[in-house]
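[1] Any chance you could fold what I've pasted below:
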Amino acid sequence: MTGRDDFLAWVKSALYQAELALHNGDSAPRRALWSRNEPVSILGAWRNAFGQQEVDEAFATLERSFSHCTSYTFELQAYDVVDDMAYTAGLEHISTSVYDQPRSYTLRATQIYRREGGEWKVAHRHADTVTE
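    Alright, predicted model coming up:
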């Protein structure tokens, strides 16, 4: 996969579907899009994780927490691709159940990607809750 257009198409399809699945309680699609090479990291709205083991534990926690997503939209505000690295920055608008309690919130999310074996993989995520 090459170029900005291909990257953006991947963000709007595979990455979007993985995030939607996560908010419905299925972390497998998200795990499939994350790098299995170090370093990987999360500076998350709920918890931080550094390295494969902690990232996998974070995804397992999120999978147990989320269900019944009624809406997930990603408002892309900026992105770029330079060789085998890319980033996105935007707002995630989410309505889902957290521990079976309906919640709606917005996260400010920045992710860093690297191309591995011709495919984009997430290497880092930073997200925090937008407060009024």
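
[2] buried stuff in the longest helix along the chain?
    Taking DSSP state H as the criterion, the chain has its longest helix at helix 52-65. Buried residues in helix 52-65, counted by 16 or more other C-beta atoms under 10 Å: 55, 58-59, 62-63, 65. Every residue, glycine included, has its C-beta placed from N, CA and C.

[3] Now do the contacts for the residue most central in space within the chain.
    Nearest to the geometric centre of the chain sits Glu19, at 5.8 Å (C-alpha atoms, centre = their mean). By C-beta atoms under 8 Å, 6 or more residues apart in numbering, the contact list for Glu19 reads 30, 72, 74, 92.

[4] quick check: mean pLDDT across the host helix or strand of it?
    Per DSSP states H and E: Glu19 is located in helix 16-22. Helix 16-22 shows a mean pLDDT of 98.

[5] can you check stretch 52-69 too?
    97.

[6] And for stretch 113-129?
    Averaged over stretch 113-129, pLDDT sits at 97.

[7] Now do the helices in the protein.
    All helices of the chain, identified by DSSP H, fall at 3-10, 16-22, 28-33, 52-65.

[8] Can you give me the buried ones in the second one?
    Meaning helix 16-22. So, applying 16+ other C-beta under 10 Å, buried residues of helix 16-22: 18-22.
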